[in-house]
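Quick one, structure for this:
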Amino acid sequence: MSRGGFRALLDHHGADGFFEGAVPPSEAQLAKAAPLLGPAGTVAFHHPLAIHGSGVNRSGDPRRILFLEYAAIDAYPLFYDVDWDEYNGRIVQGAPTSVVRTEAHPIRLPFPTRAGSSIYKIQAGAAARYFAA
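Coordinates of the predicted model:
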């Protein structure tokens, strides 16, 4: 489903209704996927709504992740608890607002979850693994 040139957010929940942080391969169109390979230490930058994945980490070392966030003041995050003062302290331009901008389509939150806050723990328990090979 698309609206205004944008595709709707895909469902990241398993058959049991719990958040898995993954979409079914029928939705991901894996036949169109292209590998992005690099030597150890390579980093990848992408939009968080871009479908992406990786193989199992066999190195024995933890994977590092860094989230860089830049958003409009009225694009308030609905999916996690926010410290209001800390959130407003990150404003680059403009004034704080309690008005949240939304679009005319359903908003799916990542709840309910089973395994706490780590996306890696959540995905480790997923019923299907698409990038395990």
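
Contacts only, for Tyr70.
By C-beta atoms under 8 Å, 6 or more residues apart in numbering, the contact list for Tyr70 reads Val92. For every residue, glycine as well, the C-beta is placed using N, CA and C.

again, but for the one 5 residues further on
For Ala75, the contacting residues are 100-101, taking C-beta under 8 Å, 6+ apart as the criterion.

Distance of the residue of the chain most remote from its centre relative to Arg63?
Relative to the mean C-alpha coordinate of the chain, counting by C-alpha atoms, centre = their mean, the farthest residue is Ala95 (27.0 Å). For Ala95, the distance to Arg63 (C-beta to C-beta, to the nearest Å) stands at 38 Å.

before we move on, what about Gln29?
Gln29 is 25 Å from Arg63, by C-beta to C-beta.

Kindly report the same for Arg108.
Arg108 sits 26 Å away from Arg63, taking C-beta to C-beta as the criterion.

Neighbour count for those two, which is higher?
Comparing Arg108 with Arg63 by other C-beta atoms under 10 Å, the one with more neighbours is Arg108, at 15 against 8.
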